[in-house]
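In: Give me coordinates for this.
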Amino acid sequence: MGVITDIRKKINSISRYNQILRVLIKYGLEDFVYYLDESKQYTFLQKFIPNSTRIYIKKYSKWAKMRLVCEELGPTFVKFGQILSNRPDLVPLELTLELEKLQDNVPPMPENVAKDVVETELKDTVENLFAWFEPIPFASASMAQVHKVILHSGKRVALKIQRAGIYDVIIEDIKVMYRIAHVLERRLPSLRSFDPIGLVKNFEASILKELDFIHESINAQRFYINLTNDDTIEQFANAPRTYQEYTTSKVLALEFVSGIKIDRIDELKSNGFETNVIARRLAISYFKQIFEYGFFHADPHPGNLLVLPNGHICYLDFGMMGSMLPRDISIFGKLFIAITNKDIKKIIKELQRLSNNAAISNMRDLEFDINEFVEKYYVRDIHENEMSTILLELKDIIIAHGLKVPTYFFLFARSLVTIEGVIAKLDPKFEQFEIVRPYLKNSAAQKYNPLKIGKKIVNSVVELTNYMEDFPSDLKNAIHKINSGQIKVDLTHKGIDPMVHTLQRITKQLITAFIMVALIISASLFIIFEIHPLLNGISFLGIASFILAVFLGFGMLLNIKRGDYDY
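Out: Purely as a prediction, here's the structure:
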């Protein structure tokens, strides 16, 4: 039975590969087929393409034809195109713009098929699980559809159901993609720099993650927790809560949220909302995600944004999210500040840090390009208030100079373009930088937060203490290995003075750190136990110890900033 199944899968894979070649020929991409068709069995098909089809095809550019091919080949290729549209560092801009237009709306599954999926996953009948199951989905796409259900408790839930059999279809298509990628790498050496096989691997990881609704439920919960933990006045965002007991890898249950789609301007106004206020709240909620949470919604198009009755913004669909490290958040803050200050050297430094200190082959050309970018930014009349324009132009410079930036950079840029488009419809005169500037300054200043500096110092002292405990045994083992001939030491006195100087500085800094910690602890004890003499009820010795610790800290920071250039 297993052999028959393998043969059937092999036949299906070959059939799918043949179908792809036929669709490519249909849309006039014969040159591409020439490289894929190693057996040369499809060249005769060109004679059977009707003239009407050829005339129709001539209306489109080659990039538009690629989009049409993806749409005709179904959900796997549509998703591949959508994911590829987030990688402008790999594909031409014209193709990126076309791939962003990809549509995957398809007729919904029949009610009985949708119910079968739910009952199989949740191991019970729909009637037992829910008080009501809406037979017609209110949203449908190529991979899933969403039904409205009511729990026995009376709560309304949006139930996302994966299409039956879609997993097997996608797995077979991925196998075909690997075959195409191998052929392209072998027959078109010029494409090796794009790493076709690597692209398919990344796509496979991405789409398999999207097919697992557990992953999306974790994203939704993480986003929800970030919002509920934010108790500041300017917290204007909401997210649906997840019902884990009704969630599996193929079924996702989220709270059903009612509201007005954010792009329905007339409806918002007729319901008493001021669109400029909504625009401001949307911007604040988005920049909080970027610069405070480090976890942001990467697909904030109008269909995923609702305005609630209280004027808050509710985010939907958490399949595509971006995540940033605190270090990178700080880099972004410094990068934008450097741009506004026209600090070219600082811009280059932050770009290098963002690309993990990648080597720059031609620093002069990079400085020239950055200088041109900054000068154009300051005399620009259009798009002057759009951060996305800055990111997209920086993206071109990054690609041109071979700097490798994290994938989320492109997700950030793309989502920023989307969110700015929504904001522009709500309030064409919206001043974006007035909202984002405090977040930029705060993120850039996080490195110098006294609490964080103190935490780092304490952690360093703890690590040093642990190391000193292990040092005697490590030294004993090293001496034993040297005596037994396991280690040969060859010392060459060459430029050792700077190293000695550096070691002396490190030793001084460690001693200073120990003294600072001791003073801070002493100050705390003096103040807690009210050791006399007192000054306004506070121990004078505690105050003096704390001030001395601060002076020592500033001295140490200046010493660190000076580096090894003081000998």
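In: just so I have it, where are all the helices in the stretch 251-400 of the chain?
Out: Ranges of helices within the stretch 251-400 of the chain are 265-270, 275-288, 326-340, 344-354, 363-379, 387-400, based on DSSP state H, counting those that start in this stretch.
In: Output these in a markdown table; the columns should cover mean neighbour count, mean pLDDT and distance to Ile136.
Out: Where C-beta positions appear, they are placed from N, C-alpha and C, glycine not excepted. Shown next, in a markdown table, are these (neighbours: other C-beta atoms under 10 Å; pLDDT from 0 to 100; distance: least, C-beta to C-beta, whole Å):
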| stretch | mean neighbour count | mean pLDDT | distance to Ile136 |
| --- | --- | --- | --- |
| helix 265-270 | 12 | 94 | 23 |
| helix 275-288 | 21 | 94 | 30 |
| helix 326-340 | 20 | 84 | 43 |
| helix 344-354 | 18 | 86 | 47 |
| helix 363-379 | 14 | 83 | 50 |
| helix 387-400 | 18 | 79 | 37 |
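In: quick one: which of the ones you listed is nearest Ile225?
Out: helix 275-288 (13.8 Å; C-beta to C-beta).
In: Packing partners of that closest one?
Out: Judged by 3 or more C-beta pairs under 8 Å, 6 or more residues apart in numbering; DSSP states H and E, the packing partners of helix 275-288 are strand 237-238, helix 265-270, strand 313-315, helix 407-426, helix 432-445.
In: Tabulate the ones you listed (JSON lines), appending distance to Glu204.
Out: Output for the helices and strands packed on helix 275-288, formatted as JSON lines (distance: least, C-beta to C-beta, whole Å):
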{"stretch": "strand 237-238", "distance to Glu204": "32"}
{"stretch": "helix 265-270", "distance to Glu204": "41"}
{"stretch": "strand 313-315", "distance to Glu204": "27"}
{"stretch": "helix 407-426", "distance to Glu204": "15"}
{"stretch": "helix 432-445", "distance to Glu204": "34"}
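In: Of all the ones you listed, which one comes closest to Phe291?
Out: helix 432-445 (4.1 Å).
In: Mind exporting the C-alpha coordinates of that closest one to PDB?
Out: The C-alpha trace of helix 432-445 is given here as PDB (Å, rounded to 0.1, in the frame of the first residue of the first chain):
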ATOM      1  CA  GLN A 432       3.800  61.800  11.600                       C
ATOM      2  CA  PHE A 433       7.100  63.000  13.100                       C
ATOM      3  CA  GLU A 434       5.400  64.800  16.000                       C
ATOM      4  CA  ILE A 435       4.100  61.500  17.100                       C
ATOM      5  CA  VAL A 436       7.200  59.400  16.500                       C
ATOM      6  CA  ARG A 437       9.900  61.800  17.700                       C
ATOM      7  CA  PRO A 438       9.400  61.000  21.500                       C
ATOM      8  CA  TYR A 439       9.600  57.300  20.700                       C
ATOM      9  CA  LEU A 440      12.800  57.700  18.700                       C
ATOM     10  CA  LYS A 441      14.500  59.700  21.400                       C
ATOM     11  CA  ASN A 442      13.400  57.400  24.200                       C
ATOM     12  CA  SER A 443      14.500  54.300  22.300                       C
ATOM     13  CA  ALA A 444      17.900  55.900  21.500                       C
ATOM     14  CA  ALA A 445      18.300  56.900  25.200                       C
END
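In: Next, count neighbours for Tyr167.
Out: 17 (other C-beta atoms under 10 Å).
In: out of the helices and strands packed on helix 275-288, which comes closest to Asp195?
Out: So among the helices and strands packed on helix 275-288, helix 407-426 is nearest, using C-beta to C-beta, at 13.8 Å.
In: same for the closest one, what does it pack against?
Out: Using 3+ C-beta pairs under 8 Å, 6+ apart: helix 407-426 touches helix 275-288, strand 295-297, strand 321-323, helix 387-400.
In: returning to that earlier point: which stretch in the helices and strands packed on helix 275-288 has the least confidence?
Out: Of all the helices and strands packed on helix 275-288, mean pLDDT reaches its minimum on helix 432-445 (a mean of 77).
In: Touching that helix from outside, list them.
Out: Contacting residues not belonging to helix 432-445 are listed as 280, 283-284, 287-288, 290-292, 329-330, 332-334, 336-337, 385-387, 420, 423 [C-beta atoms under 8 Å, 6 or more residues apart in numbering].
In: ok so, going back, now the helices of the stretch 251-400 of the chain as CSV including distance to Glu134?
Out: Converted to CSV, the helices of the stretch 251-400 of the chain look like this (distance: least, C-beta to C-beta, whole Å):
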stretch, distance to Glu134
helix 265-270, 23
helix 275-288, 29
helix 326-340, 41
helix 344-354, 47
helix 363-379, 51
helix 387-400, 38
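In: Compare these and report which one is nearest to Lys429.
Out: helix 275-288 (8.0 Å).
In: hey, C-alpha coordinates of that closest one in PDB?
Out: Written as PDB, here are the backbone C-alpha positions of helix 275-288 (Å, rounded to 0.1, in the frame of the first residue of the first chain):
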ATOM      1  CA  THR A 275     -11.000  60.900  11.600                       C
ATOM      2  CA  ASN A 276      -7.900  63.000  12.600                       C
ATOM      3  CA  VAL A 277      -8.300  61.600  16.100                       C
ATOM      4  CA  ILE A 278      -8.500  58.100  14.800                       C
ATOM      5  CA  ALA A 279      -5.400  58.700  12.600                       C
ATOM      6  CA  ARG A 280      -3.400  59.900  15.700                       C
ATOM      7  CA  ARG A 281      -4.500  56.900  17.700                       C
ATOM      8  CA  LEU A 282      -3.600  54.500  14.900                       C
ATOM      9  CA  ALA A 283      -0.100  56.100  14.600                       C
ATOM     10  CA  ILE A 284       0.500  56.000  18.400                       C
ATOM     11  CA  SER A 285      -0.600  52.300  18.600                       C
ATOM     12  CA  TYR A 286       1.700  51.300  15.700                       C
ATOM     13  CA  PHE A 287       4.800  53.100  17.000                       C
ATOM     14  CA  LYS A 288       4.200  51.700  20.400                       C
END
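In: quick one, it and helix 432-445 angle?
Out: Angle, helix 275-288 to helix 432-445, by axes from the mean of the first three to the mean of the last three C-alpha atoms, to 10 degrees: 20 degrees.
In: Now do helix 275-288: distance to the chain's middle.
Out: 20 Å (C-alpha atoms, centre = their mean, to the nearest Å).
In: after the lowest-mean-pLDDT helix or strand in the chain, next one along is what?
Out: Ranking every helix and strand in the chain by mean pLDDT, DSSP states H and E puts helix 51-57 at the bottom, with a mean of 56. Following helix 51-57 in sequence order, the next helix or strand is helix 62-73 (DSSP states H and E).
In: ok, back up a step: so which of the helices of the stretch 251-400 of the chain comes closest to Tyr315?
Out: helix 275-288 (8.0 Å).
In: For my notes, please list the helices and strands packed on helix 407-426 in a markdown table and give distance to Leu93 for each entry.
Out: Listed next are the helices and strands packed on helix 407-426 as a markdown table, based on distance: least, C-beta to C-beta, whole Å:
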| stretch | distance to Leu93 |
| --- | --- |
| helix 275-288 | 24 |
| strand 295-297 | 24 |
| strand 321-323 | 21 |
| helix 387-400 | 9 |
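In: right, and those - which one's nearest Trp132?
Out: Closest of these to Trp132 is strand 295-297, at 29.6 Å (criterion: C-beta to C-beta).
In: Give me the residues contacting that closest one.
Out: If you take C-beta under 8 Å, 6+ apart as the criterion, strand 295-297 is touched by 222-223, 226, 286, 289-290, 304, 315, 318, 320-324, 412, 415.
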